[in-house]
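Engineer: structure of the sequence below:
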Amino acid sequence: MFAADRLILATAVALLCPWAAQAASLCERAVLPFRAMVAALKTEPGAQVLRDNGSVIEIEDPKRFIIWTLYKAHGDQPDAYICRRVVQEDGQVKIWMSAECVGRTLNCDGLIGRLLLEQNRATAPLRR
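Structural biologist: Numbers count the residues shown, from 1 in each chain. The predicted model follows:
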């Protein structure tokens, strides 16, 4: 997609969604409601769905070296989005991770904390 096309698309989204101008961003993307966020990420060229069980969706964006993990709201837990971007910094390959929730901060902090704990447990054997 050309830069002009992206500008037109961004302008259309801003006009159609008055809250878009106030929306948080994550890895240079506006944070949208769950279904809209999933749809937008799936339309990226080369995007691949790695996992989709209805409540957790992981999408790889190989052009931008990003893996997205999106958690659908359930009970008192808000929608939560995690962006993991592979970068090269000081001659080393690193993963920058950032997260955003669409919901109450208290519930978001707890959810992201649990997700990080699960991720650390799952990747511990790889770090040894």
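
Engineer: Gly54: which element?
Structural biologist: Counting by DSSP states H and E, Gly54 is held by no secondary-structure element, helix or strand.

Engineer: other SSEs contacting the top helix by length along the chain?
Structural biologist: The residue-count maximum for a helix in the chain (DSSP state H) belongs to helix 105-127. In this structure, helix 105-127 makes packing contacts with strand 66-71, strand 79-89, strand 92-102, judged by 3 or more C-beta pairs under 8 Å, 6 or more residues apart in numbering; DSSP states H and E. All C-beta spots, glycine's among them, are computed from the backbone N, C-alpha and C.

Engineer: what is the neighbour count of Val56?
Structural biologist: If you count neighbours by other C-beta atoms under 10 Å, Val56 ends up with 13.

Engineer: does it really touch Trp68, like I thought?
Structural biologist: No. Between Val56 and Trp68 there is no contact under C-beta atoms under 8 Å: 11.0 Å.

Engineer: quick check: Gly118 vs Tyr81, distance?
Structural biologist: No, residue 118 isn't Gly; it's Glu. Between Glu118 and Tyr81 the distance is 16 Å, computed by C-beta to C-beta, to the nearest Å.

Engineer: swap that for Asn107, please
Structural biologist: 14 Å.

Engineer: again with Ala40
Structural biologist: Taken as C-beta to C-beta, the span from Ala40 to Tyr81 is 11 Å.

Engineer: any regions of this protein where pLDDT drops low?
Structural biologist: 1-23, 122-123, 125-128 (pLDDT under 70).

Engineer: and with 90 instead?
Structural biologist: 1-25, 28, 51, 54-56, 73-79, 84, 86-89, 92-128 (pLDDT under 90).

Engineer: please name the bridge partners of Asp79.
Structural biologist: Counting by DSSP bridges, Asp79 forms beta bridges with Val102.

Engineer: roughly how far apart are it and Ala124?
Structural biologist: Asp79 is 27 Å from Ala124, by C-beta to C-beta.

Engineer: of the two, who's got more company?
Structural biologist: Asp79 (21 against 9).

Engineer: the more buried one contacts Pro33, correct?
Structural biologist: Yes. Between Asp79 and Pro33 there is a contact under C-beta under 8 Å: 7.0 Å.
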